[in-house]
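K.L.:
from the sequence below, what's the structure:
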Amino acid sequence: MDLNFNKNEDHNKLLIAALRQKLVKVKLGGGKNRIEKHHAKGKMTARERIEYLLDPKTKNIEIAAFAGDKMYTEHGGCPSGGVVVKIGYVSGKQCIVVANDATVKAGAWFPITGKKNLRAQEISIENKLPIIYLVDSAGVYLPMQDEIFPDKEHFGKIFRNNAIMSSMGITQISAVMGSCVAGGAYLPIMSDEALIVDKTGSIFLAGSYLVKAAIGESIDNETLGGASTHCEISGVTDYKSKDDKDALDTIKNIFSKIGDYDQAGYNREKPLKPKEEPKELFGILPKSRAEPYDMREIIKRIVDVSLFEEYKKEYGKTILTGYARIDGWAVGIVANQRTLVKTKSGEMQFGGVIYSDSADKATRFIANCNQKKIPLVFLQDVTGFMVGSKSEHGGIIKDGAKMVNAVSNSVVPKFTIIIGNSYGAGNYAMCGKAYDPRLIAAWPSAELAVMSGNSAAKVLLQIEAASLKKQGKEITPEVEKELYDKIKARYDEQVSPYYAASRIWTDAVINPLDTRTWISMGIEAANHAPIEKKFNLGVIQV
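P.N.:
Here you go, the predicted structure:
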């Protein structure tokens, strides 16, 4: 190994260490004191409930762990969006579990909580994946009700989705393990089956205080909407559980009896590990974004037996396309190549930029994968499409539009891993969040933005400097540097993968060594949902 490899390795391993530290903090939810108070009530935490529910010694992945990161600080924060979401296995059945974290503002819904719940339901709907709700929530966070209550993508969409999912035949099971109030009370009752934990679970449209204020009736919450009331009098719930574990055991028993699902039929063989050492990823991926590397070496450490059958290898060299297997699943890979490439005219060009020939190649390959019913994996390290008179005259807009069209109309499941840069229209063409990847994750080395921090800071500096000059202020080199550093620091914070993850622009920031698990579990989930549409590119300019 050379010195540069070692420097890259040290840098990337530090990023992984920082990721682990952030996850440790996130997993504390509302903090140790609130966890202790939660336990004192005889309740398990959201994460403890999920851990008990999921089959032991099986893989699982967490969706949007960093939701709400550094947001709502004026309200005390909202770690993980106040809800934990995981894809895993219950009684051998793959499913998605959504658990309110009552240690965070009593499980109240912030705007990001609603977005995260909708993302969980979206994953369930796209993949026809069974979903389990572990309910323990005080309802909408009232100081921010205007940002969570009335709009199309707000709180009410959850219940609309409950109804749509039911009509699609997607299994929904709810366990009320704490508060379940107001509009939130509809979620468990719109599920297929509802459980409630005795003494700690409660369901009502209005609590005892509001009932007293509204109609003058004096009643305690347990009598109003406790387990005995809803299992013996109202018939609202189907099972009464003595404690959290009893409720979770009942869910396991229900899931053990669910029939098999119709399969999409994606090709899978016996899973095999990469021939090349996956941990070498850390030394291959450069510390500097200005340094080229060969994406093939990354791919070899992700795919089974390191075998990548490349499509149009000698054409359109700034995008790699080809077939491989990941954990046994057949996949088509579309990856940016950030290396020096030799063009037909003999000149060397720096990769990571999409040229016309690369876009044309990717479009053809995406169409081929749709024809063969092969899931697509996008590995992003893209700075955008090539600009300048040569590219414009060569029709880069037309060729870029063809690629975006192919990605948009693709009917096979798509999965996106952001390895390095994800800038501008390159994010779109390489299946960014707006293009409906089944799962989208970022490595700690990722950056998402309209353009790089350096480029953006230079543009913004020119604008700010011009404004100051109009005000008659002198722009000395020292002032200019101070302005540049200030602008770049602000912009760099926004391009961080954690900034994107906090807003659920991605589903997670992951250790590169977990990439195979994410893609494999994602394809397994997608296999629950047979393709119902035909691939059609629509109208394109050739």
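
K.L.:
residue contacts, D514?
P.N.:
By Cβ atoms under 8 Å, 6 or more residues apart in numbering, the contact list for D514 reads I61. Using the backbone N, CA and C atoms, a C-beta is placed for each residue, glycine as well.

K.L.:
what about it, distance to A446?
P.N.:
Per Cβ to Cβ, to the nearest Å, D514 is found 14 Å from A446.

K.L.:
kindly report the same for D136.
P.N.:
Computed as Cβ to Cβ, the D136 to A446 distance reads 33 Å.

K.L.:
okay, the two: which has more neighbours?
P.N.:
D136 (28 against 25; other Cβ atoms under 10 Å).

K.L.:
phi, psi for that one please.
P.N.:
phi -160, psi 80 (degrees, to the nearest 10).

K.L.:
can you show me the strands along the stretch 401-542 of the chain?
P.N.:
Along the stretch 401-542 of the chain, counting by DSSP state E, counting those that start in this stretch, strands occupy 414-423, 439-442, 447-449, 508-509.

K.L.:
include mean neighbour count when you put the ones you listed into JSON lines, please.
P.N.:
Output for the strands of the stretch 401-542 of the chain, formatted as JSON lines (neighbours: other Cβ atoms under 10 Å):
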{"stretch": "strand 414-423", "mean neighbour count": "25"}
{"stretch": "strand 439-442", "mean neighbour count": "26"}
{"stretch": "strand 447-449", "mean neighbour count": "21"}
{"stretch": "strand 508-509", "mean neighbour count": "24"}
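
K.L.:
of these, which approaches E493 most closely?
P.N.:
The stretch from the strands of the stretch 401-542 of the chain with the least distance to E493 (Cβ to Cβ) is strand 447-449; that distance is 10.8 Å.

K.L.:
for that closest one, the averaged confidence score.
P.N.:
For strand 447-449, the mean per-residue pLDDT is 89.

K.L.:
could we number from 42 for the rest of this?
P.N.:
In the new numbering, first residue 42, that becomes strand 488-490.

K.L.:
that one - contacts with which helices or strands?
P.N.:
If you count contacts as 3 or more Cβ pairs under 8 Å, 6 or more residues apart in numbering; DSSP states H and E, strand 488-490 packs onto strand 455-464, helix 518-536, helix 538-543.

K.L.:
run the last query once more with 6 Å
P.N.:
Under the contact definition 3 or more Cβ pairs under 6 Å, 6 or more residues apart in numbering; DSSP states H and E, strand 488-490 sits against strand 455-464.

K.L.:
the strand it packs on pairs with which strands, and in what direction?
P.N.:
Using DSSP bridges, the strands paired with strand 455-464 are strand 417-423 (parallel), strand 480-483 (parallel), strand 488-490 (parallel).

K.L.:
out of those strands, flag the one nearest W559.
P.N.:
Per Cβ to Cβ, nearest to W559 of these: strand 480-483, 5.5 Å.

K.L.:
contacts for the closest one?
P.N.:
Outside of strand 480-483, the residues within contact range by Cβ atoms under 6 Å, 6 or more residues apart in numbering are 456-459, 474, 538, 547-551, 559, 563.

K.L.:
endpoint to endpoint, stretch 119-139 covers what distance?
P.N.:
16 Å (Cα to Cα, to the nearest Å).

K.L.:
residues in contact with that stretch?
P.N.:
67, 70, 87-88, 91, 94-96, 99, 101-104, 106, 108-109, 113, 140-142, 145, 151, 153-154, 157, 161, 164-165, 170-174, 293, 296-297, 299, 562, 565.

K.L.:
flag every buried residue along stretch 344-361.
P.N.:
Within stretch 344-361, the residues that count as buried by 16 or more other Cβ atoms under 10 Å are V344, D345, S347, F349, Y352, K353, G357, K358, T359, I360, L361.

K.L.:
if I pick the fourth one, what's in contact with it?
P.N.:
Contacts of F349 were listed using Cβ under 6 Å, 6+ apart, and they are I340, G363, A365.

K.L.:
longest helix of the protein?
P.N.:
helix 44-67 (DSSP state H).

K.L.:
which helices and strands does that helix pack with?
P.N.:
Helix 44-67 packs on helix 322-325, going by 3+ Cβ pairs under 6 Å, 6+ apart.

K.L.:
contacts for whichever helix or strand comes after the helix it packs on, please.
P.N.:
Using DSSP states H and E, the helix or strand that follows helix 322-325 towards the C-terminus is helix 336-341. Outside helix 336-341, the residues within contact range by Cβ under 6 Å, 6+ apart are E317, I325, S347, F349, L361, A376, Q378.

K.L.:
which one of those sits closest to S215?
P.N.:
For these, the residue nearest S215 by Cβ to Cβ is A376; the value is 40.8 Å.

K.L.:
return the backbone torsion pair for that closest one.
P.N.:
As for A376, its main-chain torsions (degrees, to the nearest 10) stand at phi -140, psi 140.

K.L.:
report pLDDT for it.
P.N.:
At A376, pLDDT is 98.

K.L.:
residue contacts, D548?
P.N.:
Neighbour list for D548: I104, A105, L480, I481, A482 [criterion: Cβ under 6 Å, 6+ apart].

K.L.:
these into JSON lines, with extra columns for distance to A331 and pLDDT?
P.N.:
Below are the contacts of D548 laid out as JSON lines (distance: Cβ to Cβ, whole Å; pLDDT from 0 to 100):
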{"residue": "I104", "distance to A331": "33", "pLDDT": "98"}
{"residue": "A105", "distance to A331": "32", "pLDDT": "98"}
{"residue": "L480", "distance to A331": "30", "pLDDT": "98"}
{"residue": "I481", "distance to A331": "26", "pLDDT": "98"}
{"residue": "A482", "distance to A331": "25", "pLDDT": "98"}
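
K.L.:
G276: which of these is nearest?
P.N.:
Checking the contacts of D548 against G276 with Cβ to Cβ, the nearest one is I104 at 33.6 Å.

K.L.:
identify the residues contacting that closest one.
P.N.:
So I104 contacts V126, D548 (Cβ under 6 Å, 6+ apart).

K.L.:
repeat that with 10 Å
P.N.:
124-128, 137-139, 157, 160-161, 164, 480, 482, 545, 548-549 (Cβ atoms under 10 Å, 6 or more residues apart in numbering).

K.L.:
out of these, which sit inside strands?
P.N.:
Counted as lying in strands by DSSP state E, out of the contacts of I104, are V124, V125, V126, K127, I128, I137, V138, V139, L480, A482, A549.

K.L.:
relative to S329, which of those is nearest.
P.N.:
Taking Cβ to Cβ as the measure, S329 lies nearest A482 of those, at 22.9 Å.

K.L.:
roughly how far does that closest one sit from L170?
P.N.:
Distance, A482 to L170, by Cβ to Cβ: 17 Å.

K.L.:
that's a strand at A216, yeah?
P.N.:
Yes. Checked against DSSP: H, G, I helix; E, B strand; the rest coil, A216 lies within a strand.

K.L.:
so in terms of bridging, what pairs with it?
P.N.:
Counting by DSSP bridges, A216 is bridged to L175, L236.

K.L.:
rewinding a little: I57: which of the contacts of F349 is nearest?
P.N.:
The closest of these to I57 turns out to be I340 (Cβ to Cβ; 19.8 Å).

K.L.:
could you report the pLDDT at the closest one?
P.N.:
98.

K.L.:
okay, it and E350: tell me how far apart.
P.N.:
For I340, the distance to E350 equals 11 Å [Cβ to Cβ].

K.L.:
circling back to that earlier point, which of the contacts of D548 lies closest to I395?
P.N.:
Closest approach to I395 among the contacts of D548 (Cβ to Cβ): I481, at 18.6 Å.
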